[in-house]
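# Mind looking at a prediction? Sequence and model below.
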Amino acid sequence: MSADELWVEVYQGEVLGEALFGLLTEREQDPARRRQLETLVVLERSTKELAAPVLARRALEPGDTAVTVASAAAIADAVSAMPWERFVASLEPGTAEFLAKYRRLVELAEDDSEREVAETFVAHERALASFARRALGQEPGEPLEPILSLPHVAAAVV
């Protein structure tokens, strides 16, 4: 896969995450879980926004966002029926897949600014995996801390 194709794919991955977590937020009744999902929306949105200038510099179309959002809606329907713990446990396998893609973007970066964005994507995915482990009690610490400590998320939350 070329760097251009990979940038579009990972951008759409953030679109998917933002839409999915947003839809789940709308359905969640538990205030603590709702806050976690709201923070995941900010994580996905703020990371997506970092990629937009890279796509623009590379003169890339961002992909078919409508199709991605429709996929997110179908996933949200399926996930809504799951117990919370099962949903959270399902996040980590996805993070492993995206982490490999983001590391590849670091390798393919054309300049320092692009590499910095790709490295932020890596940090984003690590934070999401840590959130899942913490939310399940598999890692010590407050679940949202790794996400809220990311500079681009902290700036978006303030």
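Yes, it's here.

# lowest-confidence helix or strand of the protein?
One helix or strand of the chain scores below all others by mean pLDDT, DSSP states H and E: helix 151-157, with a mean of 89.

# How about that helix, which residues are buried there?
152-153, 156 (16 or more other CB atoms under 10 Å). From N, CA and C alone the C-beta is placed, and that goes for glycine too.

# now these as CSV including distance to Ser2?
Shown next, in CSV, are the buried residues of helix 151-157 (distance: CB to CB, whole Å):
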residue, distance to Ser2
His152, 25
Val153, 29
Ala156, 30
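
# For Leu144, give me the backbone phi and psi.
phi -80, psi -10 (degrees, to the nearest 10).

# Revised request: answer the last question for Gln29.
phi -100, psi -30.

# Gly137 now?
Dihedral angles (degrees, to the nearest 10) for Gly137: phi 80, psi 20.

# packing partners for the least confident helix or strand of the chain?
Packed against helix 151-157 by the contact rule (3 or more CB pairs under 8 Å, 6 or more residues apart in numbering; DSSP states H and E) you find helix 31-57, helix 145-148.

# please redo it, this time with the cut-off set to 10 Å
Judged by 3 or more CB pairs under 10 Å, 6 or more residues apart in numbering; DSSP states H and E, helix 151-157 is in contact with helix 31-57, helix 112-135, helix 145-148.

# so after the first one, what's the next helix or strand?
Using DSSP states H and E, the next helix or strand after helix 31-57 towards the C-terminus is helix 65-80.

# Okay, the residue nearest to Leu136 when sequence neighbours are not counted and Val79: tell me how far apart.
With CB to CB, 6 or more residues apart in numbering as the criterion, Leu136 has its nearest non-adjacent residue at 5.7 Å, and that residue is Val88. Separation of Val88 from Val79 (CB to CB, to the nearest Å): 10 Å.

# and the helices and strands packed on helix 151-157 as CSV, adding distance to Ala66, mean pLDDT and mean neighbour count?
Formatted as CSV, the helices and strands packed on helix 151-157 follow (distance: least, CB to CB, whole Å; pLDDT from 0 to 100; neighbours: other CB atoms under 10 Å):
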stretch, distance to Ala66, mean pLDDT, mean neighbour count
helix 31-57, 15, 96, 18
helix 112-135, 23, 96, 20
helix 145-148, 27, 97, 18
